[in-house]
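1. Just a sequence and a predicted model for now, questions to come.
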Amino acid sequence: MKVGVIDYGVGNLGSVARALEALRATPVLVDRPVDMHLNDCLILPGVGSFTDCARLLDEGGWTDAIKQEVHAFARPLLGICVGMQLLADFGTEGATSHHPRGTPGLGFVPGSVDHLGTLGCTLRLPHVGWNEITRGETPDSLFDGIPDGTDFYFTHSYAFVATDPSDVIATTDYGGPVTVAVRRGHVWGTQFHPEKSSRAGFRLLANFLAGPQC
């Protein structure tokens, strides 16, 4: 199986590639939008600022190309960390007079990305380290074999606020409930880093690769 890891200038590409190799998949660092189509499924990493990542996607011609892969060709997509946040309609971090709601995202999973402080979190930010997750009410294949209370590795100050609660497939508690995994159709996202989350993270990646869409 060929897994396209989108190389648009940010992200933990090496860590993701090594995790995929350990799962006997073939990671392909895709540095041209046209080459995404040669892969069975796609992973969108991301670190740092939502605004910067969204700008790099736009400037590199990735935004429209990713939308085409997902909408026209039903290519399975997993967003990781800021890559998950980019699945939203917009991120409030980039609010300007031209974009009063914030920086536009890919719009695959309706919602916004807001600072944890504005969501009521009074704990230290960024949220860095291991934290346990709680699966959503509707079981999702991404978490097959991963029980509630499993720890994953986080590093973030912003969180996904889904318009439709049914798109939320896992949460954590960090000064209140925080969405940490979403799904709509053949698009998934995790706020945590599965490639840095030991055995549970590898199991989650294996579940993504084993999905019927891949």
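-> Received it, and whenever you're ready, just let me know what you need.

2. Now do the longest helix anywhere in the chain: everything it contacts.
-> Looking across the chain with DSSP state H, the single longest helix is helix 198-210. Outside helix 198-210, the residues that touch it by C-beta atoms under 8 Å, 6 or more residues apart in numbering are 1, 3, 19-20, 22-23, 25, 41, 76, 78, 141-146, 150-153, 188, 190, 192-195, 197, 214. Yep, even glycine has a C-beta here, placed from its N, CA and C like the rest.

3. tell me the phi and psi of Gly9?
-> Phi and psi for Gly9, reported as degrees, to the nearest 10, are phi 110, psi 0.

4. Surely it touches Trp62?
-> No. Contact between Gly9 and Trp62 fails when scored by C-beta atoms under 8 Å: they sit 9.6 Å apart.

5. Looking at the strand or helix carrying Lys67 now, give me its mean pLDDT.
-> The secondary structure element spanning Lys67 is helix 62-71 (assigned by DSSP states H and E). Averaging pLDDT along helix 62-71 gives 98.

6. cool, and stretch 135-142?
-> Regarding stretch 135-142, the rounded mean pLDDT is 94.

7. Of all the residues in it, which ones are buried?
-> Residues Arg135, Gly136, Asp140, Leu142 are the ones in stretch 135-142 that count as buried (16 or more other C-beta atoms under 10 Å).

8. same check, this time on stretch 20-40
-> By neighbour count with 16+ other C-beta under 10 Å, stretch 20-40 contains the buried residues Leu20, Leu23, Ala25, Pro27, Val28, Val30, Pro33, Met36, Asn39, Asp40.

9. Equivalent analysis for stretch 104-121, please.
-> Pro104, Gly105, Leu106, Phe108, Val109, Gly111, Ser112, Val113, Asp114, Leu116, Leu119, Cys121.

10. next helix or strand past the helix holding Lys67?
-> The C-terminal neighbour of helix 62-71 among helices and strands, as given by DSSP H and E, is strand 77-80.

11. Paired strands for that next one, with orientation please.
-> strand 41-44 (parallel), strand 187-190 (parallel) (DSSP bridges).

12. doesn't Gly61 make contact with Tyr8?
-> No. In this structure, Tyr8 is not within contact of Gly61 by C-beta under 8 Å, at 9.4 Å.

13. Look at the two and report which has more neighbours.
-> A count of neighbours by other C-beta atoms under 10 Å puts Tyr8 above the other of Tyr8 and Gly61, at 23 against 13.

14. Could you pull up the residues touching that one?
-> Contacts of Tyr8 by C-beta under 8 Å, 6+ apart are Asp31, Cys53, Leu56, Leu57, Gly60, Trp62.

15. Name the member of those residues with the most neighbours.
-> Going by other C-beta under 10 Å, Cys53 tops those with 27 neighbours.

16. what about it, distance to Cys214?
-> Applying C-beta to C-beta, to the nearest Å, the value for Cys53 to Cys214 is 24 Å.

17. what's the answer for Asp64, then?
-> 23 Å.

18. Which one's more surrounded, the two?
-> Taking other C-beta under 10 Å, Asp64 and Cys214 do not tie; Cys214 has more neighbours (18 against 11).
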